[in-house]
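1. need a structure here:
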Amino acid sequence: MKHSGLHLAVLAGAIVMLAGVTIVQGTWSERWKKISREEVERAAVLLEERFPQTFGDWRSEQELPGDPKELKAAGAVGHISRLYRNDKSKARVSAFVVCALPYDASAHTPDRCYPGAGFEIGESEHRVSVELDQGRVAEVFTGTFVKSDQTLRIFWTYGIPGETADAPLDWVAPQIARIALAGEPSVYKLYAIADQTRIGPTQSMVECENFIAQLVPAFDAALQPGDPAGPAPLPAAGEEEPPATDSAAAD
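-> This next block holds a predicted model:
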């Protein structure tokens with residue numbers, strides 16, 4: 001009888017798991033109903049119009065090109081690709097942000113797409129917490145990717161709507177993003193990329209954490225009603241190449 005009860009419990013668990021996967025897959029594929037694009041299109045406009053040029057010690061230095069084919073493959077409804085420089089440390093960090101439906105935003109992570117672009121995984125991804133203002137925390141993944149003589153330090157996280165319309169975004173790093181983000185009307189996927197070859201592993205961690213800690217509150221403020229404006233960006237970089245975002249970041 002004990003074995004029979006155990007078998008029934010295992011069978012019930014399997015049925016529940018199968019039902020959950022079916023529901024998620026049905027939602028992703030729009031089998032049950034069409035997903036509204038209105039919210040993600042609105043969020044994309046806000047991203048491209050209001051993503052801050054200047055925040056904290058960081059200042060926009062250069063717009064970086066995006067590959068249309070890669071952006072299409074990523075399902076990007078809107079995107080930002082930009083190089084920033086820290087006024088104090090002079091470090092440079094590239095921001096790559098995509099606004100997309102949750103399925104598209106979570107479809108590929110750096111550990112999948114960077115190796116496809118010729119990079120090898122250096123430091124395996126792991127989750128870290130970045131302290132924000134007002135006691136908030138952003139959960140992010142980080143890892144390194146190596147190609148030839150270049151090592152990139154990458155932080156990535158997902159911004160999803162808060163509990164109320166005027167609440168700041170929640171920045172999360174779920175282990176299984178496709179399931180955790182299911183049902184969200186829109187998702188921002190943020191990459192912060194530093195050239196670790198130039199500044200070393202310890203400093204690359206410090207700079208990326210500082211970048212996200214100062215960027216997130218500024219972006220939250222920019223998304224509030226109104227039309228915030230920041231100082232004009234600095235001229236394009238001259239002598240130094242920006243950290244490579246690579247087309248893989250669009251996936």
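2. where along the stretch 101-250 of the chain do the helices fall?
-> Assignment of helices within the stretch 101-250 of the chain using DSSP state H, counting those that start in this stretch yields the ranges 102-105, 110-116, 177-180, 196-199, 201-222.
3. my guess is residue 54 meets residue 85, correct?
-> No - applying C-beta atoms under 8 Å, one finds residue 54 not in contact with residue 85, separated by 10.5 Å. Bear in mind the C-beta positions are built from the backbone N, C-alpha and C, glycine included.
4. those two: who's more crowded?
-> Counted by other C-beta atoms under 10 Å, residue 54 and residue 85 do not tie: residue 85 has more neighbours, with 21 against 17.
5. from residue 163, how far off is that one?
-> 35 Å (C-beta to C-beta, to the nearest Å).
6. so which of the helices of the stretch 101-250 of the chain is the most packed in?
-> helix 102-105 (a mean of 23; mean count of other C-beta atoms under 10 Å).
7. quick one: low-confidence parts of the stretch 151-251 of the chain?
-> Counting by pLDDT under 70, the stretch 151-251 of the chain contains low-confidence ranges at 226-251.
8. what about the strands in it?
-> In the stretch 151-251 of the chain, the strands defined using DSSP state E, counting those that start in this stretch lie at 170-172, 187-195.
9. out of those, nearest to residue 106?
-> Residue 106 sits nearest to strand 187-195 of all the strands of the stretch 151-251 of the chain, at 7.2 Å, using C-beta to C-beta.
10. export the strands of the stretch 151-251 of the chain to JSON lines and tack on distance to residue 152 and mean neighbour count?
-> Formatted as JSON lines, the strands of the stretch 151-251 of the chain follow (distance: least, C-beta to C-beta, whole Å; neighbours: other C-beta atoms under 10 Å):
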{"stretch": "strand 170-172", "distance to residue 152": "21", "mean neighbour count": "18"}
{"stretch": "strand 187-195", "distance to residue 152": "6", "mean neighbour count": "24"}
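11. out of the ones you listed, flag the one nearest residue 100.
-> Among the strands of the stretch 151-251 of the chain, strand 187-195 sits nearest to residue 100 (C-beta to C-beta), with 6.1 Å.
12. that closest one pairs with which strands?
-> Neighbouring strands of strand 187-195 in its sheet, by DSSP bridges, are strand 92-100 (antiparallel), strand 150-160 (antiparallel).
13. number of residues surrounding residue 121?
-> If we define neighbours as other C-beta under 10 Å, then residue 121 has 14 of them.
14. measure it to residue 143 for me?
-> Using C-beta to C-beta, residue 121 is found at 7 Å from residue 143.
15. what touches both of the two?
-> residue 111 (C-beta atoms under 8 Å, 6 or more residues apart in numbering).
16. okay, the helices of the stretch 101-250 of the chain in a markdown table with distance to residue 139 next?
-> A markdown table is the format used below for those (distance: least, C-beta to C-beta, whole Å):
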| stretch | distance to residue 139 |
| --- | --- |
| helix 102-105 | 15 |
| helix 110-116 | 16 |
| helix 177-180 | 11 |
| helix 196-199 | 21 |
| helix 201-222 | 11 |
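17. for residue 157, find the nearest of the ones you listed.
-> Here helix 201-222 is closest among the helices of the stretch 101-250 of the chain (C-beta to C-beta), at 7.3 Å.
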